[in-house]
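> fold the following, please.
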Amino acid sequence: MYQKRALIVGATGIVGLNVAEHLHAQGGWDIHGVSRRPPLGASYITPHAVDLTDHDAAVTALSGLSPTHIYYCSWTLGKNEDENIRLNGNMLRTVLDAFKDKGSVRHVAIVTGTKHYLGPFEDYGKVTPVTPFRETAKRLEKKNFYYELEDVVIDYSARYGFGWSVHRSHTIIGYAVGNLMNIGATLATYASICKENGLPFIFPGSPTAWTGLNDITDARILAKQIVWASTEPNACNEAFNAVNGDVFRWEQLWARIAAYFGLEVGDYPGEYNSLATRMADMGAAWDDIVAKYGLQPNTLDKLASAWHTDMDLGRPMECVHSMAKCRALGFGAFQDTEQSFIDVFDRLRAERIIP
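Model (predicted):
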């Protein structure tokens, strides 16, 4: 019935769900999603509960599908980068092994990120890169599971005859619950707790992040680029940076976020201060907010990933990405960053995640 059959790996995540929504809006796609739990409110996705760390069981579970396009939007966190490389590389191999001999797959897209340029979690930001980041930059001489994912998809592509694309996002802003890297929900819960308890809304990042230039990736822009590259012949077998297309300074954006929540901006202390430390004892305060306003019963640790927001806001250098490569090939989508945050906050309120 369908000539375009999508398999989204990580369909309940911040990226995968937006890819699914974009495909659904386009029409003409048979959409299947791999996740450990079924996506809520997305009946157009046929769900498949698959544990990709169990190779043989996963291959068997996926054997009845014949996708034309695979959108790999998943990852798992190990105890160090060696384990990240092993776990994430093997998960991608498992997906590709399920279909390598079927001949149905035309394109595989994988999502990586700015750690391609700044290094892995355990050695993050200890380089002084030249900005804006360009896709032609040499790989760092560091272990990095993003490099492993690229190598795996390129190897399978050469051996089994499908196209590929790599999408290097910056910090992703979008609607998701329970995501490991979710700056939108993290800042929304932090601001809500500050508002409810009369606490100062203090920026927790580095001085460079506070005053310097940055960019960010709206999950909707990322989804559009992923689908575009998977269906545009000239974009095949390429890696692309994926950001909104504008730049901002946190000093300005922080004031906009404060205004949304009816907060005054607290005095910036002039040095890095950890949001994870600041939010470490806020779990009970959040539970009180949930009970008072009748919110969905999510604990703070399910919504906020302050440890990752610390990495995003604590970098000692400006971080901006060139979009020249995909622009030259015809991808022109753009998103205003301030509106990205407002849209996420609006949706979190509409879904009764925040008050």
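> quick one: residues in contact with the strand or helix carrying D151.
When secondary structure is defined by DSSP states H and E, D151 falls within helix 145-160. When contacts are defined by CB atoms under 8 Å, 6 or more residues apart in numbering, helix 145-160 is touched by residues 72, 75, 81, 84-85, 87-89, 92-93, 96, 100-101, 105, 108, 110, 112-113, 115-116, 120, 139, 162-164, 166, 168, 237, 239. Glycine gets a C-beta too; all of them are placed from N, C-alpha and C.
> filter those residues down to the buried ones, PyMOL style.
For anyone working in PyMOL, the buried entries among these, judged by 16 or more other CB atoms under 10 Å, can be selected with:
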select buried, resi 72+75+81+84+85+87+88+89+92+93+96+100+105+108+110+112+113+115+116+120+162+163+164+166+168+239
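> now, which of the contacts of helix 145-160 lie within helices?
For these, the ones inside helices are 81, 84-85, 87-89, 92-93, 96, 115-116, with DSSP state H as the criterion.
> pull the number of nearby residues for S43.
Number of residues near S43 (other CB atoms under 10 Å) recorded here: 10.
> and the pLDDT at it?
In the prediction, the pLDDT value recorded for S43 is 87.
> check the one 10 residues further on too.
According to the prediction, T53 has pLDDT 95.
> got a list of what it touches?
76, 87, 90-91.
> distance to F145 for those residues - can I get that in a markdown table?
Formatted as a markdown table, the entries for the contacts of T53 read as follows, by distance: CB to CB, whole Å:
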| residue | distance to F145 |
| --- | --- |
| T76 | 10 |
| L87 | 8 |
| N90 | 11 |
| M91 | 10 |
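> what segments of the stretch 201-350 of the chain are helices?
Listed in chain order, the helices found in the stretch 201-350 of the chain under DSSP state H, counting those that start in this stretch are 207-211, 219-231, 250-260, 275-279, 283-293, 300-303, 306-313, 324-328, 337-350.
> nearest residue to S274 other than its sequence neighbours?
In this structure, S274 finds its nearest non-sequential neighbour in D310, 5.4 Å apart by CB to CB, 6 or more residues apart in numbering.
> and the one you found, what does it touch?
D310 sits next to 204-205, 274-276 when contact means CB under 8 Å, 6+ apart.
> in stretch 134-149, what's buried?
By neighbour count, and taking 16+ other CB under 10 Å as the criterion, the buried residues in stretch 134-149 are 135, 140, 142-149.
> equivalent analysis for stretch 257-266, please.
Residues of stretch 257-266 classed as buried: 257-258, 260-261, 263, 265 (neighbour count, 16+ other CB under 10 Å).
> now it: mean pLDDT?
When pLDDT is averaged along stretch 257-266, the result is 97.
> next one: stretch 188-201
Computed over stretch 188-201, the average pLDDT equals 97.
> who touches that stretch?
Outside of stretch 188-201, the residues within contact range by CB under 8 Å, 6+ apart are 254, 257-258, 260-267, 275, 278-279, 282, 285-286, 288-289, 292, 300, 303-304, 306, 344-345, 348, 353-355.
> could you export that stretch as CSV, keeping only the C-alpha atoms?
C-alpha atoms of stretch 188-201 as CSV (Å, rounded to 0.1, in the frame of the first residue of the first chain):
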residue,chain,number,x,y,z
ALA,A,188,10.7,25.0,32.7
THR,A,189,10.7,23.0,36.0
TYR,A,190,13.6,25.2,37.4
ALA,A,191,11.7,28.4,36.6
SER,A,192,8.4,27.0,38.0
ILE,A,193,10.1,26.1,41.3
CYS,A,194,11.8,29.5,41.5
LYS,A,195,8.4,31.2,40.9
GLU,A,196,6.5,29.1,43.4
ASN,A,197,9.1,29.5,46.2
GLY,A,198,10.2,33.1,45.6
LEU,A,199,13.7,32.1,44.6
PRO,A,200,16.0,34.2,42.3
PHE,A,201,16.1,33.0,38.7
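> my guess is P39 meets H48, correct?
No. Using CB atoms under 8 Å, P39 makes no contact with H48, being 10.9 Å away.
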